[in-house]
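# generate coordinates for the sequence data below:
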Amino acid sequence: MPSPPALSRQAVVALLCGATIVTIAMGLRQGFGLLLRPIEVDLGVGREAFGLAIAIQNLMLGLAQPFVGAVADRWGAGRVAAVGGLVYAAALALSAGVSNALSLHLTLGFLLGLAMTGVTFVVVLGAVGRLVPPERRGMAFGVVTAGGSFGQFLLVPATQLGIEALGWRGMLLAGAALAAFMVPLALGIRAAPPASGMGRALPAGAGSLREGLAEAARHPGYWLLNAGFFVCGFHIAFVSTHLPAFLADQGLDPAVGARALALVGLFNIIGSYVFGLSADRLRKRNVLAAIYLGRAVVFAVFLALPFTPLSATLFACAMGFLWLGTVPLTSGLVGQIFGVRHLSTLFGIVFMSHQIGAFCGAFGAGLAYRMTGSYDIVWAISIALGVLAGLVNLPIPDRRIEREATA
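Model prediction:
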């Protein structure tokens, strides 16, 4: 087999800047679960109120993402990411001054969720996908996804230290200062012509956004990808928002929860890169099914073992390996089937399904805890959804659509 083409200098710059943007945006976000108990005590709000703030954040990220993705496709990812970085920093700064549940929902929920649409996977992967040859796209998407995990590994422990040293309000102000660095990094993912050969699959009359959306709506695999990604969002939001509190409920030190989230990030660096490479070598739908089924097994084993620092560590390592490997595979499938001209828009819609699942995972878990005093039912639902997602990914028709095959 011939060796894959080398990346251009512009592609390397976009890859590095895009991965760093995601590192900051996702790294800060994944530490929000550590704020639950300090805010619960300081503001006197329940876990369902904090869970609702994170759920609103996830829902806004999902509902606005297709529109922001379309803006990035039309006007350039760099401009969108720069605005997203500014709003992200402002949202964290305003969150530091909240005094009640409503203000928490407006800042950490609504405003931050809107900001994240410009600085996370959809916009960044859309920009990188246009600059990287198809033969290297899975690897590139894996690197960007791993950036989010590297940020989690670095910034979750930093968040815990910041809470201990500065209080939760001071930590949010420090996070706002860090978020502002995403603005200059956005210059590195400015819009550029597609990589060589990537536009050949767009015959005349088949390249409008309306036609691209209609094409996706008629494709059964697109809806199955949406269903599977809903489950991914549910899993990730539940674990990242409620795992530290769940472990503390079992009598473990709060530092165990912070370490668990950091280990999730560390092992997902490995997982994202491995699954990104697999996207270039294996059938993506099969690997996706394996990830979801693997999560169900990890949840079940974790619940069957005694809750100790060791079992929490092992759970974090296993879950981390499976954490965001779905992103390069799912986005890669969208690009493989439909091409990259409208990748930010089409993947943005799939990502919206992910965030609706995240809303259910974050808020639903908090609500379940309030009603039952435990997370037992949420763990059971998580296992069932993992099995379901594994099954719905297997029959996805993943061949390139006919217009591309005949272009």
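# what does stretch 261-273 rub up against?
27, 30-31, 33-34, 139, 142-143, 145-146, 148-154, 156-157, 239-240, 243-244, 313, 316-325, 327-328 (C-beta atoms under 8 Å, 6 or more residues apart in numbering). The way it works is simple: take the backbone N, C-alpha and C, and place the C-beta from them, glycine included.
# any of these buried? List them.
Among the contacts of stretch 261-273, the ones that count as buried by 16 or more other C-beta atoms under 10 Å are 27, 30-31, 33-34, 139, 142-143, 145-146, 148-154, 156-157, 239-240, 243-244, 316-325, 327-328.
# the bottom helix or strand of this protein by mean pLDDT?
Ranked by mean pLDDT, DSSP states H and E, the weakest helix or strand in the chain is helix 402-405, scoring a mean of 51.
# tell me which of the buried ones among the contacts of stretch 261-273 fall in helices.
27, 30, 139, 142-143, 145-146, 148-154, 156-157, 239-240, 243-244, 316-321, 327-328 (DSSP state H).
# shaky segments in the stretch 301-407 of the chain?
When residues are selected by pLDDT under 70, those of the stretch 301-407 of the chain lie in 402-407.
# what do you get if the cut-off is 50, keeping everything else the same?
Scanning the stretch 301-407 of the chain for pLDDT under 50 picks out 404-407.
# tell me which stretches of it form helices.
Taking DSSP state H, counting those that start in this stretch as the criterion, the stretch 301-407 of the chain carries its helices at 309-321, 326-338, 343-372, 376-393, 402-405.
# would a markdown table of the ones you listed with distance to residue 280 be doable?
Formatted as a markdown table, the helices of the stretch 301-407 of the chain follow (distance: least, C-beta to C-beta, whole Å):
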| stretch | distance to residue 280 |
| --- | --- |
| helix 309-321 | 19 |
| helix 326-338 | 8 |
| helix 343-372 | 16 |
| helix 376-393 | 18 |
| helix 402-405 | 18 |
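# out of the ones you listed, which gets nearest to residue 282?
helix 326-338 (9.3 Å; C-beta to C-beta).
# and the angle from that closest one to helix 343-372?
140 degrees (axes from the mean of the first three to the mean of the last three C-alpha atoms, to 10 degrees).
# mind giving me the packing neighbours of helix 326-338?
Packing partners of helix 326-338 (3 or more C-beta pairs under 8 Å, 6 or more residues apart in numbering; DSSP states H and E): helix 121-131, helix 137-179, helix 209-217, helix 220-249, helix 254-281, helix 284-304, helix 343-372.
# so residue 288 sits against residue 331, correct?
No - with contact defined as C-beta atoms under 8 Å, residue 288 does not reach residue 331; the gap is 11.3 Å.
# count of neighbours near the spatially closest residue to residue 348 that is not a sequence neighbour?
In space, and not counting its chain neighbours, residue 348 is closest to residue 69: 3.1 Å by C-beta to C-beta, 6 or more residues apart in numbering. Other residues near residue 69 number 28, with proximity taken as other C-beta atoms under 10 Å.
# quick one, what contacts residue 69?
Contacts for residue 69 (C-beta under 8 Å, 6+ apart) come out as 117, 122-123, 126, 344-345, 347-349, 351.
# hmm, back to that, ok, which of the helices of the stretch 301-407 of the chain comes nearest residue 257?
With C-beta to C-beta, the closest approach to residue 257 among the helices of the stretch 301-407 of the chain belongs to helix 309-321: 7.7 Å.
# format the contacts of residue 69 as a markdown table; extra columns: neighbour count.
Shown next, in a markdown table, are those (neighbours: other C-beta atoms under 10 Å):
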| residue | neighbour count |
| --- | --- |
| 117 | 29 |
| 122 | 32 |
| 123 | 32 |
| 126 | 28 |
| 344 | 31 |
| 345 | 26 |
| 347 | 31 |
| 348 | 27 |
| 349 | 23 |
| 351 | 30 |
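# so which of these comes closest to residue 235?
residue 351 (14.8 Å).
# right, and the closest one touches residue 123 too?
No - using C-beta under 8 Å as the test, residue 351 is too far from residue 123 to be in contact (10.2 Å).
# over to residue 132: give its phi and psi.
phi -110, psi 130 (degrees, to the nearest 10).
# and the gap between it and residue 226?
From residue 132 across to residue 226, the span is 25 Å (C-beta to C-beta, to the nearest Å).
# name the residue in those two with the higher neighbour count.
residue 132 (28 against 20).
# now the more buried one: how far from residue 12?
Distance of residue 132 to residue 12, given as C-beta to C-beta: 10 Å.
# ok, the nearest residue in space to residue 401 that is not next to it in sequence to residue 218 distance?
Residue nearest to residue 401 in three dimensions, not counting chain neighbours: residue 337, with 6.0 Å by C-beta to C-beta, 6+ apart. To residue 218, residue 337 is 12 Å away according to C-beta to C-beta.
# so which of the two has more stuff around it?
With neighbours defined as other C-beta under 10 Å, residue 337 and residue 218 compare such that residue 337 has more, 22 against 10.
# so who does the more buried one touch?
Residue 337 makes contact with 219, 221-222, 398-401, according to C-beta under 8 Å, 6+ apart.
# one more: residue 87?
Residue 87 touches 111, 114-115, 118, counting by C-beta under 8 Å, 6+ apart.
# what's the farthest-apart pair in the residues you listed?
The largest separation in the contacts of residue 87, counting by C-beta to C-beta, is between 111 and 118 at 12.4 Å.
# looking at the two, which is more packed in?
A count of neighbours by other C-beta under 10 Å puts residue 118 above the other of residue 111 and residue 118, at 30 against 21.
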